[in-house]
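Asks: model the structure of this input:
(chains A and B)
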Amino acid sequence: MKKLKILVVDDSSIINKKLIQIYESLGHKVVDTAKTGEEAIKKYDPNKIDLVSMDITMPDMDGIEATKQILAKNPEALVMVVTSHGQEQMIVSAIESGAVGYILKPFNKERISAMIEKILKNIGG
Amino acid sequence: MVNTGFMKIIDLVTENCVRLLEEEFNLEVFKTTTYMKDIVKINPDYLNSFIVLRGYVPSVFAFSYEKKLFEFIFKKFINGIDIDDSEVELYKEESAGEIMNMIIGNSLRDFKSAKSLIKLSPPVVHRGRKNLINKEDTEFYSSKIVTSVGKLHIYLLTRPITGVSYEEIKNSCR
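Replies: The predicted model follows:
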């Protein structure tokens, strides 16, 4: 599998740490983290980041708006939504906004690995 | 009078909580008990997380963990993550909130819709024991989950409302 440079976006520090641990155990590199949608937009650099791991419910700006703005910056950006059950309608909105996949909490290494593989397959990576 | 709609909601939350405890944390669940009447106060335990449900009838969910149960869950939840000693307490609170978020989110997945009147607040975590007393204009529904390492109480605090079924509560939120 292609090794990705990942930006992890979640307002929870513990979830950020769990995601970093899983992505890095899969051989990917977490290059940065963000705790709000606005911070994610500022930190997103298409030259340095292959995939954005995006929470939906965050203070200030949610993951859907952040996804839209990242895709406005780079229409080729890969955004994968990480969120809870009960937010299925939000996931639909995120996909309509251009997100390429989603993971439901509680997540684990296998589910995340399968979703990344699926995303890479879909884009021919 | 017991409202069957809210009883169904607390049953759903309890079922989802048991599933998470068994499947994600490999805990053995011995017994669950759900009840409404005769609750005049709740006794928060070691660690307590709260989520406000804004919607048809504003309500508050509370999870109250016995210390040894929460310590067990926390250890599993952070398995493999390096945490500085100075950050442990902060991460305990975040974990309690995240776990509750997952359970409530799973339980209310049928209440989905962008137009839904149901909105969940971010979780709030509180430590220690301070009794919450039942007032006349509040109903307390509760369940107790007994596991191999400790107990967890789930509470739903809401406004008394009679004659409304679970389906009516759910459908009114679409």
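Asks: hang on, B:S64 in a strand?
Replies: Yes. According to DSSP: H, G, I helix; E, B strand; the rest coil, B:S64 belongs to a strand.
Asks: and the helix or strand of chain A with the lowest mean pLDDT, which residues are buried?
Replies: Here the helix or strand of chain A ranked lowest by mean pLDDT, DSSP states H and E is helix A:88-96, holding a mean of 84. By neighbour count on 16 or more other CB atoms under 10 Å in any protein chain shown, the buried set for helix A:88-96 is A:E88, A:M90, A:I91, A:S93, A:A94, A:I95. Every C-beta, even on glycine, is put in place using the N, C-alpha and C of the backbone.
Asks: what sits against the last one?
Replies: Spelled out, that is A:I95. The contact partners of A:I95, taken as CB atoms under 8 Å, 6 or more residues apart in numbering or on different chains, are A:V81, A:Y102.
Asks: redo that, cut-off 10 Å
Replies: A:I64, A:T67, A:V79, A:V81, A:G101, A:Y102 (CB atoms under 10 Å, 6 or more residues apart in numbering or on different chains).
Asks: what does the model give the spatially most central residue of chain A for pLDDT?
Replies: Nearest residue to the geometric centre of chain A (CA atoms, centre = their mean): A:S53, 1.5 Å. At A:S53, the model reports a pLDDT of 97.
Asks: which residue, other than its chain neighbours, is closest to it?
Replies: Leaving aside its sequence neighbours, A:S53 sits nearest to A:V8 (CB to CB, 6 or more residues apart in numbering or on different chains; 4.8 Å).
Asks: so in terms of bridging, what pairs with that neighbour?
Replies: A:T33, A:S53 (DSSP bridges).
Asks: where do the helices sit along the chain?
Replies: Chain wasn't specified; assuming chain A. Using DSSP state H, the helices assigned to chain A run over residues A:13-25, A:37-43, A:63-73, A:88-96, A:109-122.
Asks: actually it's chain B I care about, not the one you picked
Replies: Taking DSSP H as the criterion, chain B carries its helices at B:4-23, B:67-77, B:88-107, B:166-171.
Asks: quick one: closest of the ones you listed to chain A.
Replies: helix B:88-107 (3.3 Å; CB to the nearest CB).
Asks: quick one: check that closest one for contact with chain A.
Replies: Yes. Helix B:88-107 lies within reach of chain A by CB under 10 Å from any CB of the partner chain, at B:90-99, B:101-107.
Asks: for the buried ones among those, write the corresponding ChimeraX selection.
Replies: In ChimeraX syntax, the buried subset of the residues of helix B:88-107 next to chain A is picked out as below (16+ other CB under 10 Å):
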select /B:91,92,93,94,95,96,97,98,99,101,102,103,104,105,106,107
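Asks: quick one: low-confidence parts of chain A?
Replies: Low-confidence segments of chain A, defined by pLDDT under 70: A:85-87, A:125.
Asks: what parts of it come near chain B?
Replies: With CB under 10 Å from any CB as the criterion, chain A comes near chain B at residues A:10-18, A:20-22, A:25, A:57-59, A:83-93, A:104-109.
Asks: just the buried subset of those residues, please.
Replies: Judged by 16+ other CB under 10 Å, buried ones among the residues of chain A next to chain B: A:10-12, A:14-18, A:20-22, A:57-58, A:83-88, A:90-91, A:93, A:104-107.
Asks: now for B:I145: which residues touch it?
Replies: By CB under 10 Å, 6+ apart, the contact set of B:I145 is B:14, B:17-18, B:21, B:27, B:29-34, B:63, B:69, B:151-154.
Asks: any of those residues buried? List them.
Replies: B:14, B:17-18, B:21, B:27, B:29, B:32, B:34, B:63, B:69, B:151-154.
Asks: of the buried residues of helix A:88-96, which is the nearest to chain B?
Replies: Looking across those and measuring by CB to the nearest CB, the closest to chain B is A:E88, at 5.0 Å.
Asks: A:P75: neighbouring residues, count only.
Replies: For A:P75, the count of nearby residues is 9 (other CB atoms under 10 Å in any protein chain shown).
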